[in-house]
Structures are given as structure tokens and as C-alpha cells.
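K.L.:
Have a look at this prediction, sequence included:
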Amino acid sequence: MAEGRAVTKFDEATQAIRVDDATYDVCLDDAYSIGGPLNGGYLMATVLRAVVDASPHAHPVSTSAQFLRVPRPGPATVRLARLKSGRTATMTRATLVQDGESFIEALVTTATLDPAAVPDWSDAPSTTMPDPAHCVPLPVPKAESNMNLSAQVEMLFDPPTVGWLAGEPTGRPESRAYFRMAEPQDPDPYVIALAVDALPPVVFSAGARGWAPTVELTWHLRALPAPGWLTVIGGGRLISDGWFDEDVEVWDSAGRLVAQSRQIARVGRG
């Protein structure tokens, strides 16, 4: 799991223990909750540990997850069904089960990425981020808010995209931040699974508030990240009829696009 480095709290919190070829035990950690519910990116990272362990390929290059219910912290099971496996890719259905109920259904494609791969072509980030010295953290949450995830990660935000905290939203669905784990750890595919769902919902910057539950999230691992801060850029295209979309791109410290995601979620009630 740790590939020769020290095991971190995040490694332990996403650990998947093999029971048999199709079953893994996990223990969902309340440290990755936000106001009660567990973060969707953390849950995906936990499921992906099991999928990759059971795959002949090393990296989760495409994940599409349906969030059926909100699991509670504690023991759970990941059940796997291999759909197809070949020389370059393996497709697996993964289900997160707790107390006999399914909470997440995911389709995952694993492959083995070349860490030395050089892009034939790459677009630039959709938005230029200011220097980290000109970005700001979120306020330290109150203990009673149960915003436990904030203690596990470090995020520095492009100031306009957190203007909603002072009652000054930009009016656009957007959120942008530098991201890394609070405990020293170079980013890996599981950290990126967390990062793609770590921003505050982009609808906050458009004036909405309240819990905004993800219904479906699809993300793609495009490259293995270099050490250092990740840059996470989120935006949306439509807020309508109680639904919103959120697109996220993740860039590493070497300026490479390492992940892309899209999710659809419900607009929260403030």
C-alpha cells in the first residue's frame, strides 16, 4: 500500500483487507466526515483500494460512482465483480455494503500508467491561480460543526471563490484551491480521489448554502502526480430545478493535468 514509505493515517483510513477474491473488509473513518456525512472522495478512495488490490493493473484510470445512501463510520465491505480483464485494462463493478445494504455502486477501469509518460498535447488550466502566498485557508471550524475533514487536509483558496463566507459570493459556481494532505504525503491516485471531491460545493459561490449531496461522480486519472501541492479548479455550467453540476480539474506541481471529474449533485438547503 505505502510503496516503501511510511504508512500514513490516510493509508490506514482507506485500507482494504482481502477476505477472498471478491470481498474486502474496510473500516470507514469519521475523521473524513463533513458535518456528519463521510466525504465522497474518501469513500471512493477506500473502494478503489480494494479494486486495485484485486486487479492485475496498478492504477484506477476511470471511476464512475453512484452514491445511493450515506454510510456511517465503522465496518463495511467492498464486493467486487470483474466484468472484463485484458492486457491493458480491467473493468470491475464495486459495491460498498454496510449492514446488508448497498451504499455506493461503482464501475472502475484499472490500467497501468507510465510515470515517465510525456503528453503528446495538453491544454492549459482553465483558470490561472494566484501564488499560494496570496491564497487563504478556510476558517478553523467550530468543534460542534463536525467538519472533521478539514483537519486531514491543507487547502489554500483563491480568495474570490470563498467570498461567500463573508456574504460576498461571486455569483458564479466556482471553487479553486491548492490541496495537499495535512500529514506529509506525496499525492497518489487515492489522494487524488479525495482531492476531486474536496472543494466546497461550487454552488456556494453562486449563493447557495447547505449540504449538497453528490448523486453521481465520474473521475479520470490522467497521469501519476509529481510530489507537492495539487491545484484543484472547480466550476459548474448549470444550476436548475434543485440540481447542479461540478467539473473539476487537478494539476500537479509539475504543471501536468493529473485528473478530471464531473459530478451531479443536489442543491443544499441553507
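P.N.:
Perfect, I can see it now. Being a predicted model, the structure only gives us computed values, none of them experimental. Numbering: from 1, shown residues only.

K.L.:
Do a quick rundown of the helices in the stretch 151-270 of the chain.
P.N.:
Remark: helices assigned in the stretch 151-270 of the chain by DSSP state H, counting those that start in this stretch are 189-195.

K.L.:
remind me which residues of it are low pLDDT?
P.N.:
269-270 (pLDDT under 70).

K.L.:
Export only the CA atoms of stretch 122-135, formatted as PDB.
P.N.:
The C-alpha coordinates for stretch 122-135 follow below in PDB (Å, rounded to 0.1, in the frame of the first residue of the first chain):
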ATOM      1  CA  SER A 122      -2.000  19.200 -23.300                       C
ATOM      2  CA  ASP A 123      -4.400  22.100 -22.700                       C
ATOM      3  CA  ALA A 124      -3.600  24.800 -20.100                       C
ATOM      4  CA  PRO A 125      -5.500  25.100 -16.800                       C
ATOM      5  CA  SER A 126      -9.000  26.700 -17.300                       C
ATOM      6  CA  THR A 127      -8.100  29.400 -14.800                       C
ATOM      7  CA  THR A 128      -4.800  30.900 -13.600                       C
ATOM      8  CA  MET A 129      -4.300  30.500  -9.900                       C
ATOM      9  CA  PRO A 130      -2.600  33.200  -7.800                       C
ATOM     10  CA  ASP A 131       0.600  32.400  -6.000                       C
ATOM     11  CA  PRO A 132      -0.100  30.300  -2.800                       C
ATOM     12  CA  ALA A 133       1.100  33.300  -0.700                       C
ATOM     13  CA  HIS A 134      -1.900  35.200  -2.000                       C
ATOM     14  CA  CYS A 135      -4.400  32.400  -1.200                       C
END
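
K.L.:
mean confidence for that stretch?
P.N.:
The predicted model assigns stretch 122-135 a mean pLDDT of 96.

K.L.:
oh, and call the first residue 58 from now on, that's how I've got it
P.N.:
Sounds good: first residue 58 from here, last item stretch 179-192.

K.L.:
What lies in contact with it?
P.N.:
213-216, 233-235, 286, 288, 290, 292, 306, 308, 313-314 (Cβ atoms under 8 Å, 6 or more residues apart in numbering). Heads up, the C-betas are built off the backbone N, CA and C, glycines and all.
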